[in-house]
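[1] Okay, structure incoming, though there's no sequence with it:
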């Protein structure tokens, strides 16, 4: 993993490039964000926002999801894909929130991950966005970035999360999560990783790999290493 100085340089370069990165799912409260995040599985945020524009007018509280007919809920979210499973999860989620938390979304990781349809990634998104509680949601893009920059050599998402949390200042962890998720998109990753490493004067690619080289070498032919 990187040392503190290298991490700070990488994060500063990311922040300069993506200073306004934030959650792209439209929401007004923790429940809306939780539902939107569940819907975002295998679906674009843009599509989710189109669906939730009407969904959130119809379902305003946990009880509304708990009491909804599954067929109605399925129709309301059909275009997000996997709508039957998502409808079951959201219906069960509403019931669990009503029964255990008086209709409110809990603000603790260990409680969130026990809710229907909520995994660690979803829980961290909600904690960071809705409650401003430090957390890092590790998806494929974040995992790829962490490996390529040497911030983590692990493959397991939970271990990567811990590696990143141990290196990133707690006050910056959620914002950095947003930066990493944005940077990790397929069309940007090579360009931004290269930019971050060059501007940070740190070892190119992962220091644990034999094919790593220093940024001061010629730029020609380096793209394939990223």
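    Done, it's in. Values in this document were obtained by computation on a predicted structure and should not be read as measured data.
[2] Okay, buried residues for whichever strand or helix holds residue 91 please.
    Here residue 91, judged by DSSP states H and E, is contained in helix 83-101. Using 16 or more other Cβ atoms under 10 Å as the burial criterion, the residues of helix 83-101 that qualify are 83, 86, 87, 89, 90, 91, 93, 94, 95, 96, 97, 98. For every residue, glycine as well, the C-beta is placed using N, CA and C.
[3] Repeat that for stretch 47-65.
    Buried, per 16+ other Cβ under 10 Å, within stretch 47-65: 48, 49, 51, 52, 55, 56, 59, 62, 65.
[4] try stretch 39-47
    Of the residues in stretch 39-47, 39, 40, 41, 43 count as buried by neighbour count, 16+ other Cβ under 10 Å.
[5] Not counting its neighbours along the chain, what's nearest the last one?
    The shortest distance from residue 43 to any non-neighbouring residue, by Cβ to Cβ, 6 or more residues apart in numbering, is to residue 80 (4.4 Å).
[6] Show the contacting residues for that neighbour.
    The neighbours of residue 80, taking Cβ atoms under 8 Å, 6 or more residues apart in numbering as the test, are 39, 40, 43, 47, 48, 51, 86.
[7] Surely residue 103 touches residue 60?
    No: with contacts counted by Cβ atoms under 8 Å, residue 103 stays clear of residue 60, the gap being 10.6 Å.
[8] So which residues of the chain form helices?
    4-17, 30-39, 45-58, 62-66, 70-77, 83-101, 109-112, 120-130, 140-149, 157-167, 173-183, 189-200 (DSSP state H).
[9] of all these, which lies closest to residue 23?
    Comparison of the helices of the chain against residue 23 by Cβ to Cβ identifies helix 120-130 as nearest, at 4.6 Å.
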